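1. Here you go, sequence then predicted model.
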Amino acid sequence: MDLESNKLVETISASINQAEAIEKAEPSPLRDKIVLLLATGLSAEKIANQLGVSRSTVDRTKADKYYAGKLSLATDALYGVALAKLSLGVESAIDKLTEIIENPDSPNRDKLKAIEILLNHLGTNYRHR
């Protein structure tokens with residue numbers, strides 16, 4: 001696993017651990033793993049195959065109130081990480097476009113295209129506020 005994947009797993013695992021306070025229940029490492037895999041978007045069938053359990057075990061975990069709470073927290077953590085990565089990517093793209101615009105050696109057509117992209121991005125953000 002690469003560093004980003006490890007951070008993602010750590011973030012989701014931390015959220016799962018926080019969910020332990022939702023209700024008093026007997027912790028189950030298998031069900032925690034099922035929740036982690038569900039949060040990453042794998043289907044119940046793929047999770048069952050990967051873990052060597054029945055699909056009904058995955059379905060029961062999803063239906064269980066305690067684990068549903070853990071799944072909600074894990075999914076929220078996953079979305080938070082994804083949003084942060086997306087935000088960093090947008091900032092990086094804007095920085096690169098700004099470099100193109102400010103570089104005296106950049107061809108005018110490249111500068112105009114960079115300006116167009118930035119204006120379209122700003123227009124989209126403005127319309128969505």
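-> That came through fine. Residues are numbered from 1 along each chain as shown.
2. Need the residue closest to the centroid of this protein.
-> Ala82 (3.2 Å; CA atoms, centre = their mean).
3. Against Pro107, how distant is it?
-> 35 Å (CB to CB, to the nearest Å). In short, each C-beta sits where N, CA and C put it, glycine included.
4. In whichever helix in the chain runs longest, which residues are buried?
-> Taking DSSP state H as the criterion, the chain has its longest helix at helix 65-102. Neighbour-count burial for helix 65-102, with 16 or more other CB atoms under 10 Å as criterion, is recorded at 66-67, 69-71, 73-75, 77-78, 81, 97, 100.
5. Can you give the distance of it from its chain's centre?
-> 6 Å (CA atoms, centre = their mean, to the nearest Å).
6. next structured bit after that helix?
-> Note on helix 65-102: by DSSP states H and E, the next helix or strand toward the C-terminus is helix 108-127.
7. can you tell me which residues contact Val58?
-> Ile34, Leu38, Ala44, Ile47, Ala48 (CB atoms under 8 Å, 6 or more residues apart in numbering).
8. Quick check on the second one: phi, psi?
-> According to degrees, to the nearest 10, the main-chain angles of Leu38 amount to phi -60, psi -40.
9. list the contacts for it?
-> Ala44, Ile47, Val58, Thr61, Lys62, Leu71, Ala74.
10. So for the one helix or strand the fourth one maps to, what gets flagged as buried?
-> Secondary-structure element containing Thr61, defined by DSSP H and E: helix 55-63. Applying a neighbour-count criterion of 16+ other CB under 10 Å, the buried positions in helix 55-63 are Thr57, Val58, Thr61, Lys62.
11. Adding distance to Ser92 and pLDDT as columns, could you present these in a markdown table?
-> As requested, the buried residues of helix 55-63 are exported to a markdown table (distance: CB to CB, whole Å; pLDDT from 0 to 100):
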| residue | distance to Ser92 | pLDDT |
| --- | --- | --- |
| Thr57 | 42 | 94 |
| Val58 | 38 | 95 |
| Thr61 | 38 | 91 |
| Lys62 | 37 | 91 |
